[in-house]
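> give the three-dimensional model of this entry:
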Amino acid sequence: MKKMIHIGITLCSAAIAVVFWLLAGSQFTKMQSDPEPLKPEVNLADAAGTYLSYEAAYPFASWVEEYYSGDPDRVRTTGYVIYDVSRDAFICTIIPEEKDPGFSSLLRGMELSADMRADRDMSPITVAGSLERATPEQAERAMKALEESKVLEQYIDFTDSDAYRKVYFEDDEYGRTLAGICRKLLDGNSQTEWYVLKQGSINNMGTGEIWICIVTACLNVLIFLFSLAGLLRGSKPQTAQSDVSASIMDRFLAEQRVYAADWCTFNLNRAYRLSALSVAIPLVILLAIAFLAKAADRIMSLYLPLGLLIGEIMALILWWSQKSQSKPDKILNHFQKYLAKELPDDSVRNEFIEEYVNTESKWTFCEKTKEGMLWGKVGERYWSIFLWTGRVTIVDVSQLKEVETESVSGSVNNGTVKVSYVTYVANFYYQNDMPRRKPDKCVTFNVEDKLGFFITLVRKRAGDNIAITSK
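Numbers count the residues shown, from 1 in each chain. Next up is the predicted model:
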């Protein structure tokens, strides 16, 4: 089971790492270098796909490229039609609204008179991204924006007014350039090929999306390496020590190791299942958000890697927390520590260990549930209970007067949910106890039948010498 889980994790993590590196690796590599300035002599078709910077000096029109989902009045990205003087052509730029470096202000300046432009900052704005061929929808929106341009509207309105035409379109370089653009549009010279430069986008992926994809790929590379190491290392099944030449302590610890390893395996398998659930839940939520937001085009670049990243981080935290509690050697060290507290006298402790090792397996009891695991033996002199936490309870039968069983029920608040529980307890009272005192020892079972089996072993051992009651 563990090997199959390792194989599955290894293959899945490798596939995820490869997919997202292929999706965003080249963009990430480009992003590590400074964008190359778009030189005037370079043809736009030759520059397509290149990560570059462009100085936009003449925004002529604008349109809303995208609204926030569910909010038709809130603009997410705005498209600007930029006139490129050196190429006598238009280039579109897509600018996220929250990162607008001043295009709206520069466009407003184009609509003002020359004397008002002289008092404004009309410096070109640099846009960095990869130049891509515009989609038919983007080209259509750009042409419509040109037709509805306020600059073009002013040029038409001022045709019969020499004074206004001079103030707006002849007194400065901006005006003369804008007049040339308007004449070109009115003459019917339409542009057939459109290119788009989206701020912060490389090959149609935003820098944030690129980082998410790369981090997801790198995380899965680490998961792949650790999982592969675990697969190659493997594990040997734990068996009880049968070598009679081994010391009593070694044989005792070997028996405990079998149970401790069984619990650790059970706990880790459960952790694997919970980790898989931790990955699936954020992934499903993010994909649902993508469909509700009608952002199917960003599923691979944003929602899928983000869901995987969040889920895998949650899964790793959960798995490491369970892994730290699922080490047989750590549990055995705790056993020795608590056993020394239960039986401080070395001779008594050695007597217990020798009896435990020599007690037949038919006197063994065990309970394993998702809440925990306990096991032990009902010996002639000592009854032992070992917990998955490493705690040890030893009942000295020579001092025992009564065994009392009871069912304990209650509820605990788990956040906003009240969870009910029932446990089954065996209380042990020693002979020198006064009535109504707290029990000297107790052990709690989660399954009633397991407590019943334990009491059955106790009856066989104690016979009528010890009273067994039910509360």
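> low-confidence ranges, the stretch 351-471 of the chain, go.
414-416, 433-436 (pLDDT under 70).
> ok, which stretches of it are helices?
448-462 (DSSP state H, counting those that start in this stretch).
> what's the answer for the stretch 201-350 of the chain, then?
207-233, 248-292, 304-324, 328-342, 346-358.
> put together CSV for those, with mean neighbour count and distance to residue 419 on each row.
Every C-beta, even on glycine, is put in place using the N, C-alpha and C of the backbone. CSV is the format used below for these (neighbours: other CB atoms under 10 Å; distance: least, CB to CB, whole Å):
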stretch, mean neighbour count, distance to residue 419
helix 207-233, 18, 33
helix 248-292, 17, 17
helix 304-324, 18, 20
helix 328-342, 16, 27
helix 346-358, 15, 36
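> would CSV of those with distance to residue 418 be doable?
Output for those, formatted as CSV (distance: least, CB to CB, whole Å):
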stretch, distance to residue 418
helix 207-233, 37
helix 248-292, 22
helix 304-324, 24
helix 328-342, 32
helix 346-358, 41
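> what sits against residue 215?
Applying CB atoms under 8 Å, 6 or more residues apart in numbering to residue 215 gives the contacts residue 309.
> repeat for residue 36
Counting by CB under 8 Å, 6+ apart, residue 36 touches 50-53.
> just residue 456 next, same as before
Contacts of residue 456 (CB under 8 Å, 6+ apart): none.
> how does this protein divide into domains?
36-206, 236-326, 329-470 (automatic domain parsing).
> mind checking which of the ones you listed is nearest residue 28?
domain 36-206 (8.4 Å; CB to CB).
> ok now that closest one, how far from the chain's centre?
40 Å (CA atoms, centre = their mean, to the nearest Å).
> could you find the closest non-adjacent residue to residue 146?
residue 61 (5.2 Å; CB to CB, 6 or more residues apart in numbering).
> gap between the spatially most central residue of the chain and residue 282?
Per CA atoms, centre = their mean, the C-alpha nearest to the average position across the chain is that of residue 310, at 1.6 Å. Residue 310 sits at a distance of 4 Å from residue 282 (criterion: CB to CB, to the nearest Å).
> pLDDT weak spots in the stretch 151-300 of the chain?
In the stretch 151-300 of the chain (pLDDT under 70), the answer is 234-245.
> show me what the residue nearest to residue 446 when sequence neighbours are not counted is bridged to.
Excluding its sequence neighbours, the residue lying closest to residue 446 (CB to CB, 6+ apart) is residue 369, at 4.7 Å. Bridge pairing for residue 369 (DSSP bridges) gives the partners residue 372.
> how many neighbours does residue 369 have?
Using other CB atoms under 10 Å, residue 369 has 12 neighbouring residues.
> next: the one 3 residues further on.
Other residues near residue 372 number 14, with proximity taken as other CB under 10 Å.
> now the one 4 residues further on
Using other CB under 10 Å, residue 376 is surrounded by 26 other residues.
> and the residue nearest to residue 228 when sequence neighbours are not counted, what does it touch?
Closest residue to residue 228 apart from its sequence neighbours, by CB to CB, 6+ apart: residue 10 at 5.3 Å. Counting by CB under 8 Å, 6+ apart, residue 10 touches 224, 227-228, 231.
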